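> Generate a structure from the sequence data that follows.
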Amino acid sequence: MADSRSDRDGDSRIRLYNPYQDLNIPIPNPYKIPTTPEFLFEEESLRQRRSWGENLTFYTGTGYLAGSIAGAGKGLIEGVKASEQGDTLKLRVNRILNGSGHSGRKFGNRVGVIGLLYAGMESGIIYVRDSDDVMNSVLAGLGTGALFKAASGPRSAAVAGAIGGLAVGAAVTARQLVKRYLPI
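Numbering: from 1, shown residues only. Okay, the predicted model is just below:
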């Protein structure tokens, strides 16, 4: 059980912790546990956001995972629909696994590439603008959509860029609303 009192020295960033409190064992010196994150270097404590490498890994990985799960779900539905009346159980399971694997890889790769492009664009825009605000995210979404569909022609690139900018704008707005009204 944790005690939220401050340290005897007056440091409010330390809380006292006695793991034997419920056992009624008198321990004169409970453990002192910090309530704030500890960093090895001072520069790490001043930084308010992830680095470009961390962003790249985070967006690419979560994009691939989300795309793989969505693609596997789509492949599952297609595999169930493709099964015919006379198929054996082995054949049905095979169709479902093949469809899930194929669609999962395809969607995962696409969404992972979108995450990779977004992370690179956002880091580049933050570097060029030398500011950290919502506009960077929206511009990165716009650029990511346009670049992802650039090979399909200028009209497709413009539509995809607009969709990307709107999607990121909605996501950032939703995140700020959740942060403001639902403190977690």
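> Could you use CA atoms for every contact and neighbour count after this?
Noted.
> Which of the helices or strands spans residue 16?
Assigned by DSSP states H and E, residue 16 belongs to strand 14-17.
> Report the buried residues of that strand.
By neighbour count, and taking 16 or more other Cα atoms under 10 Å as the criterion, the buried residues in strand 14-17 are 14-17.
> Mind giving me the packing neighbours of that strand?
For strand 14-17, the packing partners by 3 or more Cα pairs under 8 Å, 6 or more residues apart in numbering; DSSP states H and E come out as strand 2-3, strand 31-34.
> hey, least reliable of these by pLDDT?
Comparing mean pLDDT across those, the weakest is strand 2-3, with a mean of 46.
> on that earlier part again, ok now the strand holding residue 16, how far from the chain's centre?
Between the mean C-alpha location of strand 14-17 and the chain-wide mean there is a distance of 32 Å, by Cα atoms, centre = their mean, to the nearest Å.
> What strands flank it, and is each parallel or antiparallel?
The partner list of strand 14-17 in its sheet, established with DSSP bridges, is strand 2-3 (antiparallel), strand 31-34 (antiparallel).
> what mean pLDDT would you report for that strand?
If you average the pLDDT over strand 14-17, you get 78.
> what do you get for stretch 75-93?
For stretch 75-93, mean pLDDT rounds to 88.
> Return that stretch as CSV; C-alpha atoms alone will do.
Presented in CSV, the C-alpha positions along stretch 75-93 are these (Å, rounded to 0.1, in the frame of the first residue of the first chain):
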residue,chain,number,x,y,z
GLY,A,75,-9.9,-12.5,-45.7
LEU,A,76,-11.9,-14.5,-43.1
ILE,A,77,-15.1,-13.2,-44.5
GLU,A,78,-14.0,-13.9,-48.1
GLY,A,79,-12.9,-17.4,-47.1
VAL,A,80,-16.2,-18.2,-45.5
LYS,A,81,-18.1,-16.8,-48.6
ALA,A,82,-15.9,-18.8,-51.0
SER,A,83,-16.6,-22.2,-49.3
GLU,A,84,-19.0,-24.3,-51.3
GLN,A,85,-21.6,-26.8,-50.2
GLY,A,86,-19.6,-30.0,-50.8
ASP,A,87,-16.4,-28.8,-49.3
THR,A,88,-14.8,-30.8,-46.4
LEU,A,89,-13.9,-29.1,-43.2
LYS,A,90,-10.2,-29.2,-44.1
LEU,A,91,-10.9,-27.5,-47.4
ARG,A,92,-13.0,-24.8,-45.7
VAL,A,93,-10.3,-24.1,-43.1
